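Engineer: this one's sequence-less:
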């Protein structure tokens, strides 16, 4: 008999499961898209420092007194001016999606050309405008990528600014250019000892530096007439005119161009490209091969990052609406529910006093089962107790039998799962009202009585009890306590008022036997049999309500791994149940009502909203890193305040101590992230067709209600029992 080589076995053990790999890849891709967006929007690596004027001792006089075109290529130190009656219009900081097309339209109308010194950030975001510039015969020059003052930058940063700008041009128009204009530049005589070394280095990289000798100062928005006056050269001289097609409202620039061009054309001026004015070869060189492919890939990546961000913004808007709608509904409807059931004289109908069968499915609950059974012995309502041992290997059944308690039966079966155990218990039950609980749960003496009172209304087929965390003395337990009180019980009040309760908790729920029999009992089609059976009851026309006083204390997971396993099963099982009952959307009668009201609510608030909720934290992190930091913090604190209000209201309704809410901010930062990943993993499992097995949580048995177990031992003989 052969076995796999040891190296293969090690490789298989090291292989990362798909359910971990896909979320990790998705997170990395999302972060990459956001980083790229921050980069091209000058939110990353942006440097807004501006160098103050410096001495000019090391700048050659011929440069200071020369023209606006400075050539330092190959060690040269020369400058050039534009010939008479030739004007080179230059436009900085674009392209802009609003103003650049209008500038291009005016130039085209008057058969004029110009030079557009584009930044890499804008060229990357609006490549079509760069292509239009080139197609319509204009020249394009570099204005760096992020518009920093290069006198502050290292040579490597300067190279990077130029290279990235050229990559954007290659992707947008399939060209590279030899023209360059430094940010914050002015006339040639403004060159100083800080900027001159940069100009020389730029020349060594093969670029011609272009400043200006006529500044329209259109960025000041001084008025159309003033822009025209400042842009007009004296005595028919040639000039390089500085204007802007981006960076703010450029309506005055567009209006000034429309009057300026025909006026000076009438005076014999030609509006041409820089190289044409100088009688030099074109500054544009076509790119091919790898350089072109790299440019195209860059443009596609930037477009994808913007699209992803747009989708995230829409998703954030959706989650905002869902979150605030849910909060509003919870506050409004839970308050209405509490007022209804607490008003004087409220009754579901005649008091329910008939005996009840309590089913306790148990698999390896040796540490908890004794407390569970003894708590039931204290019940103020007549009950029979049936413990269904589902193939336990730790002596769970023997522990119950050794207690020797009257009215307690043990039913044994081979391990077949919780739904099968409940159906086995249902077959052995003697009563028409059935209470189901978990083997790690403790009931108060009044729990069963309060749980079955809604059956006084013959329309009620099932009742959800008030499940509470018993082991809330740890941090993770306290977080789950907040979640149970706010996220589950407040929700149940809301869903009760909307008549679309999605889930009867497995820890504490009651059913009419006839209702269960009509829907075929507990189903094992999903991993959330409690949600599945609740939806089936709604579709069969039964009402499902919430009994706030029917309190049950359950042992919540005490480690991250156990919590992960439990919530993974819950999330995946809920998706399975929604999919199973999807046809209710198009059906008529009670099923159609649930399908068109209840199912969308469950899908929106229990699946979609939690899936999109991480966007709140993504944009919080993005805002903290890239700004606006203060507004981001205020917005996040506002959302936290709303959650705190809802939580405080839920604690008040449940008469819980507010001190547990101290950990709410930390819960929102840490615990919520775990729930995000769990839900995402559930989605991936569903979409990839994966299957999830039932996962048993390890119990500690440390959860108990003071006095209940001992009271059960003392009152065994006095308590009413079902014979």
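Structural biologist: Right, received. Where do you want to start? Being a predicted model, the structure only gives us computed values, none of them experimental.

Engineer: So which residue is dead centre in this structure?
Structural biologist: Centroid-nearest residue in the chain, with CA atoms, centre = their mean: residue 615, separated by 2.0 Å.

Engineer: got the buried residues for stretch 359-377?
Structural biologist: Buried positions in stretch 359-377, judged by neighbour count with 16 or more other CB atoms under 10 Å: 359-377. Glycine gets a C-beta too; all of them are placed from N, C-alpha and C.

Engineer: Look at that stretch and report the distance between its end residues.
Structural biologist: Stretch 359-377 has an end-to-end distance of 13 Å (CA to CA, to the nearest Å).

Engineer: now that stretch, how far from the centre of its chain.
Structural biologist: Averaging C-alpha positions (CA atoms, centre = their mean, to the nearest Å) puts stretch 359-377 41 Å from its chain's average.

Engineer: Stretch 629-648 too?
Structural biologist: On the basis of CA atoms, centre = their mean, stretch 629-648 sits 16 Å off its chain's mean C-alpha point.

Engineer: Need the mean per-residue confidence for that stretch.
Structural biologist: Confidence for stretch 629-648, expressed as mean pLDDT, is 82.

Engineer: and what of stretch 341-348?
Structural biologist: 90.

Engineer: ditto for stretch 614-624
Structural biologist: Mean pLDDT, computed over stretch 614-624, is 75.

Engineer: what residues does it touch?
Structural biologist: Residues from elsewhere that reach stretch 614-624 (CB atoms under 8 Å, 6 or more residues apart in numbering): 30, 34, 38, 312, 315-316, 319, 323, 629, 631-633, 635-636, 639, 672-673, 676.

Engineer: Mind doing that once more with 6 Å?
Structural biologist: Stretch 614-624 is contacted by residues 34, 312, 315, 316, 319, 632, 636, 676 when judged by CB atoms under 6 Å, 6 or more residues apart in numbering.

Engineer: Can you mark which positions in stretch 132-150 are buried?
Structural biologist: With burial defined by 16+ other CB under 10 Å, the residues of stretch 132-150 counted as buried are 132-134, 138-150.

Engineer: Name the helix or strand for residue 426, please.
Structural biologist: Using DSSP states H and E, residue 426 sits within helix 418-428.

Engineer: Can you name every helix or strand that that helix contacts?
Structural biologist: Contacts defined by 3 or more CB pairs under 6 Å, 6 or more residues apart in numbering; DSSP states H and E place helix 418-428 against strand 356-362, strand 383-390, strand 408-413.

Engineer: Show me which positions of the longest strand seen in the chain end up buried.
Structural biologist: Longest strand in the chain by number of residues (criterion: DSSP state E): strand 543-554. For strand 543-554, a neighbour-count test (16+ other CB under 10 Å) marks 543, 544, 545, 546, 547, 548, 550, 551, 552, 553, 554 as buried.

Engineer: Could you do stretch 431-446 as well?
Structural biologist: 431, 433-445.

Engineer: Take those and keep only those in strands.
Structural biologist: Applying DSSP E to these, the entries found in strands are 433, 434, 435, 436, 441, 442, 443.

Engineer: okay, those residues in TSV with pLDDT and distance to residue 478 next?
Structural biologist: Output for these, formatted as TSV (pLDDT from 0 to 100; distance: CB to CB, whole Å):
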residue	pLDDT	distance to residue 478
433	97	35
434	97	33
435	97	28
436	97	27
441	93	19
442	95	19
443	96	22
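
Engineer: what's the most distant pair in those residues?
Structural biologist: 433 and 442 (20.5 Å; CB to CB).

Engineer: Which single one of the buried residues of stretch 132-150 is nearest to residue 490?
Structural biologist: Using CB to CB, these come closest to residue 490 at residue 146, 48.2 Å.

Engineer: re the thing from before, which neighbours in the sheet does the longest strand of the chain have, and how are they oriented?
Structural biologist: In the sheet, strand 543-554 lines up against strand 441-443 (antiparallel), strand 460-469 (parallel) (DSSP bridges).

Engineer: Buried ones in the longest one, by neighbour count?
Structural biologist: By that I understand strand 460-469. The neighbour-count check on strand 460-469 (16+ other CB under 10 Å) flags 460, 461, 462, 463, 464, 465, 466, 467, 468, 469 as buried.

Engineer: which residues are contacting that strand?
Structural biologist: Against strand 460-469 from outside (CB under 6 Å, 6+ apart): 451, 454, 477, 480-481, 484, 489, 492, 504-505, 507-512, 515, 537, 542-548, 550-554, 556.

Engineer: Which parts of the stretch 451-600 of the chain are helices?
Structural biologist: When secondary structure is read from DSSP state H, counting those that start in this stretch, the stretch 451-600 of the chain shows helices at 475-482, 490-498, 513-518, 529-539, 560-580, 589-593, 599-602.

Engineer: could I get these as TSV with distance to residue 390?
Structural biologist: Below are the helices of the stretch 451-600 of the chain laid out as TSV (distance: least, CB to CB, whole Å):
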stretch	distance to residue 390
helix 475-482	25
helix 490-498	27
helix 513-518	18
helix 529-539	13
helix 560-580	16
helix 589-593	31
helix 599-602	28
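
Engineer: Would you format the buried residues of strand 460-469 as TSV with distance to residue 664 included?
Structural biologist: Below are the buried residues of strand 460-469 laid out as TSV (distance: CB to CB, whole Å):
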residue	distance to residue 664
460	34
461	36
462	32
463	30
464	25
465	25
466	20
467	20
468	17
469	15
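
Engineer: if we can go back for a sec, relative to residue 229, which of the strands paired with strand 543-554 is closest?
Structural biologist: The minimum distance between residue 229 and these falls on strand 460-469, with 76.8 Å, by CB to CB.

Engineer: in which helix or strand would I find the closest residue to the residue nearest to the centre of the chain other than its chain neighbours?
Structural biologist: Distance criterion CB to CB, 6 or more residues apart in numbering; nearest residue to residue 615, sequence neighbours excluded, is residue 316 at 4.6 Å. According to DSSP H and E, residue 316 maps onto helix 289-342.

Engineer: Centre of the chain to that helix, how far?
Structural biologist: That offset, for helix 289-342, works out to 6 Å (CA atoms, centre = their mean).

Engineer: Would you state the helices of the stretch 151-300 of the chain in chain order?
Structural biologist: According to DSSP H, counting those that start in this stretch, the helices that the stretch 151-300 of the chain contains are 155-173, 195-204, 224-231, 251-266, 274-278, 289-342.

Engineer: OK, contacts around residue 420?
Structural biologist: Applying CB under 6 Å, 6+ apart to residue 420 gives no contacts.

Engineer: In this structure residue 273 contacts residue 113, no?
Structural biologist: Yes - at 5.1 Å, residue 273 counts as touching residue 113 under the criterion of CB atoms under 6 Å.

Engineer: Next up, the contacts around residue 211.
Structural biologist: 68, 185, 188.

Engineer: Of these, just the buried ones, PyMOL syntax please.
Structural biologist: Filtering those down to the buried ones (16+ other CB under 10 Å) takes a single PyMOL command:
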select buried, resi 68+185+188
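
Engineer: Pick the one among the contacts of residue 211 closest to residue 609.
Structural biologist: Distance to residue 609 across the contacts of residue 211 (CB to CB) is lowest for residue 185, with 51.6 Å.

Engineer: Okay, the nearest residue to that closest one once chain neighbours are set aside and residue 180: tell me how far apart.
Structural biologist: Using CB to CB, 6+ apart and skipping residues adjacent in sequence, the residue nearest residue 185 is residue 211, 4.9 Å away. Here the criterion is CB to CB, to the nearest Å. By it, residue 211 lies 10 Å from residue 180.

Engineer: So for the closest residue to residue 267 other than its chain neighbours, what pLDDT did the model give?
Structural biologist: Take residue 267 and drop its neighbours on the chain: the residue closest to it by CB to CB, 6+ apart is residue 236, 7.6 Å away. Looking at residue 236, its pLDDT reads 88.
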